[in-house]
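Visitor: This is a predicted model, with the sequence first.
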Amino acid sequence: MSFGPGSIQGATSPGEIDYRLARQHLVAEFRRGRLAQHEVCDAHPELVRAAREVGETSRIDCPICEDDKLVLVSYVFGPRLPSYGRCITSAKELKALARRSGEFSCYVVEVCPSCHWNHLARTFVLNPARSA
Ligand SMILES: [Zn+2]
């Protein structure tokens, strides 16, 4: 399976669900023992690699293993980009993409490099004015 928005926990129906609630729900289900760790810690290998190499370490403890800090990884999806998106490594790169024509969406994913927990942290449209 190649990496894409569908590989990210919580990103299956963008805009339709509140992914913060979805995240809380997943964490709660795991703590109650209704979900196994492998069901919530299923980060795609590509996502784990990106987290280690270009991710931005946050101050948030992993909600699952509580052993490591979550790392934020940003992906942009849009016209003329690969279907698996482009992993953003700098703010400069993000600004350059926002100047292109067409609508680009950015997905910020939290990843735990230790246990491979992953969840959508936020999503936004890079250039809403240009798509109108
Ligand atoms: Zn973890």
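Guide: Thanks, I have it.
Visitor: who's in contact with Glu56?
Guide: The contact partners of Glu56, taken as CB atoms under 8 Å, 6 or more residues apart in numbering, are Val71, Leu72, Val73. The way it works is simple: take the backbone N, C-alpha and C, and place the C-beta from them, glycine included.
Visitor: per-residue confidence at it?
Guide: pLDDT recorded at Glu56 is 94.
Visitor: again with Ala129
Guide: In this model, Ala129 is scored at 62, pLDDT.
Visitor: After the helix or strand that contains Leu47, heading C-terminal, what element do we hit next?
Guide: Using DSSP states H and E, the element containing Leu47 is helix 45-53. Of the helices and strands lying after helix 45-53 in sequence (DSSP H and E), the nearest is strand 56-61.
Visitor: ranges for the strands of this structure?
Guide: 56-61, 69-77, 86-88, 105-111, 118-125 (DSSP state E).
Visitor: ok, is the last one in contact with the ion or not?
Guide: No. Looking at strand 118-125 against the ion by CB under 5 Å from the ion, there are no contacts, and the closest approach is 9.7 Å.
Visitor: Going by neighbour count, which of the contacts of Glu56 comes out on top?
Guide: Neighbour counts for those, by other CB atoms under 10 Å, peak at Val73, which reaches 27 neighbours.
Visitor: give me the beta-bridge partners of it?
Guide: Taking DSSP bridges as the rule, Val73 bridges to Val109.
Visitor: follow-up on the earlier one: which one, of the strands of the chain, ends up nearest to Lys95?
Guide: Lys95 lies closest, by CB to CB, to one member of those: strand 86-88, at 10.2 Å.
Visitor: which residues touch the closest one?
Guide: Contacts to strand 86-88, defined as CB under 8 Å, 6+ apart, come from residues Ala50, Val54, Val73, Ser74, Tyr75, Val76, Phe77, Leu94, Leu97, Cys106.
Visitor: Kindly recompute the last result at 10 Å.
Guide: For strand 86-88, contacts defined as CB atoms under 10 Å, 6 or more residues apart in numbering pick out 3, 46-47, 49-51, 53-55, 73-78, 93-94, 96-97, 104, 106-109.
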